[in-house]
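1. fold the following.
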Amino acid sequence: MMRQIWITRHGPPEVLALREAAVPSPRAGEALIAVAAAGVNFADIMARRGVYPDAPKPPCVVGYEVAGEVVALGPGATQVAVGQKVVALTRFGGYSSHVAVPESQVFPLPAGLDPAHGAALPLTYLTAYQLVIAMGRLGKGETVLVHSAGGGVGLSAIELAHIVGAEVVGVASTAKHDFLRRRGVTRLVDAGAGDLVAQVRALTGGRGVDLALDPIGGRSWRRSYDCLAPLGRLGAFGFAAAAERPGRWLPMLRAAAGVPWLRLTPLALMNANRGVFGVNLGHLWGETAILRGWLADILRWQAEGKINPVVDRAFPFAEAAAAHAHIEARRNIGKVLLIP
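-> Model prediction:
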């Protein structure tokens, strides 16, 4: 039997339940992985609260990334081997002790990396890669504004920015500033201080930033847009504002009302010489060649010591509700994991 964490209904962390089910058999082209660690992402929390449109309807099992060992192969699977240590993208179902996924979504665990840090790699670094490099086109000498700089994607984006030779302005609570300084971020903004635009302008000599990465949405997109320098780009990769208050529809409507819709039309962007783009890695699952190419770069940089995933805390499956609450309270610095 395998163990899984189920979202039984939409609601607070307590709606998560630990259940048992039969271990799946891998189908053609799939690998069955015995999971050692599963990553927790904010998308999982939004799915639990009922404000993530892509999530399956409850009862369901979510989870986008795992690390573990291949224990069986389906017919025709040849790219991985039984007994191999791997990381994998799952797009739901990752909160399980065993998961069967297409072998195209499975990658060797980098040498010297334990499963916990391996599970911190796939989704966060691929999201950061798409934001910073593939679509953000951040270049040497440019400056990037990173919201939620102490989170998994934020820390990943900081590392990628340093790899390309860019400067970083990090937004985080003051409790996380010392850690971020140790990660090479010298320009920091207090997330709770207000007047983000004035702080960012002061830190950039009045110019603003070339790229802003914003997972919050709502009014935050307005502020991030106002932080942009000429030719600046805003990368949106989440809508956390919809989950900032209890409830389902009212917080989402309030967040949507704060979006500067008229300023984001093609004509308005043309006149402002700015760009806005969106990132949803879950909608790229069919682009296997692209994702594998990005991850090849990420794994190479990790082997070269340029990337070091940060694991904040690992919770046993039985404490999944505590793991979600830990992230919702913004207490984590880096990745939160679940251990079967």
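2. do a quick rundown of the helices in the stretch 51-200 of the chain.
-> Using DSSP state H, counting those that start in this stretch, the helices assigned to the stretch 51-200 of the chain run over residues 115-119, 122-129, 152-164, 177-182, 196-203.
3. could you give the angle of the third one to helix 122-129?
-> Think helix 152-164. 50 degrees (axes from the mean of the first three to the mean of the last three CA atoms, to 10 degrees).
4. next SSE downstream of the longest strand seen in the chain?
-> Of all the elements of type strand in the chain, the one with the most residues (DSSP state E) is strand 30-40. Going down the chain from strand 30-40, the next helix or strand is helix 42-49, by DSSP states H and E.
5. how far does that next one sit from its chain's centre?
-> In terms of CA atoms, centre = their mean, to the nearest Å, the gap separating the centre of helix 42-49 from the centre of its chain is 12 Å.
6. sorry, back to before: nearest to Leu337, out of the helices of the stretch 51-200 of the chain?
-> Evaluated with CB to CB, the helices of the stretch 51-200 of the chain place helix 115-119 nearest to Leu337, the distance being 5.7 Å. C-beta here means a position set from N, CA and C on the backbone, and glycine is covered the same way.
7. quick one: distance of that closest one to the chain centre.
-> Once both centres are worked out by CA atoms, centre = their mean, helix 115-119 turns out to sit 15 Å from its chain's centre.
8. what of stretch 69-83?
-> Relative to the centre of its chain, stretch 69-83 is centred 27 Å away, using CA atoms, centre = their mean.
9. who's in contact with that stretch?
-> Under the contact criterion CB atoms under 8 Å, 6 or more residues apart in numbering, stretch 69-83 has outside partners 25-34, 36, 84-86, 98, 100, 103-104, 106, 108.
10. quick revisit: adding mean pLDDT, write the helices of the stretch 51-200 of the chain out as a markdown table.
-> As requested, these are exported to a markdown table (pLDDT from 0 to 100):
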| stretch | mean pLDDT |
| --- | --- |
| helix 115-119 | 96 |
| helix 122-129 | 96 |
| helix 152-164 | 98 |
| helix 177-182 | 98 |
| helix 196-203 | 97 |
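11. so which of these gets nearest Thr90?
-> Between Thr90 and these, the tightest spacing by CB to CB is seen for helix 122-129, at 9.0 Å.
12. ok, now which ones touch the spatially most central residue of the chain?
-> Against the mean C-alpha coordinate of the chain, by CA atoms, centre = their mean, the closest residue is Thr124 at 3.9 Å. Residues near Thr124 by CB under 8 Å, 6+ apart: Gly39, Asn41, Gly152, Val153, Leu155, Ser156, Pro309, Lys335.
13. any idea which of those is closest to Ala236?
-> Nearest to Ala236 among the contacts of Thr124: Val153, at 12.3 Å, using CB to CB.
14. give the contact list for that closest one.
-> By CB under 8 Å, 6+ apart, Val153 lies in contact with Thr124, Thr127, Ala128, Leu131, Leu213, Pro215, Phe237.
15. and what of Pro340?
-> Going by CB under 8 Å, 6+ apart, the list of residues near Pro340 reads Arg3, Val35, Ala36, Ala38, Ser96, Ser97, Phe317.
16. okay if I get these as TSV plus pLDDT and distance to Val51?
-> Converted to TSV, the contacts of Pro340 look like this (pLDDT from 0 to 100; distance: CB to CB, whole Å):
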residue	pLDDT	distance to Val51
Arg3	98	27
Val35	98	26
Ala36	98	30
Ala38	98	21
Ser96	98	23
Ser97	98	28
Phe317	98	24
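17. any of those buried? List them.
-> Neighbour-count burial within these applies to Arg3, Val35, Ala36, Ala38, Ser96, Ser97, Phe317; the criterion is 16 or more other CB atoms under 10 Å.
18. and those residues as TSV, adding distance to Met270?
-> TSV is the format used below for those (distance: CB to CB, whole Å):
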residue	distance to Met270
Arg3	53
Val35	48
Ala36	50
Ala38	44
Ser96	47
Ser97	52
Phe317	50
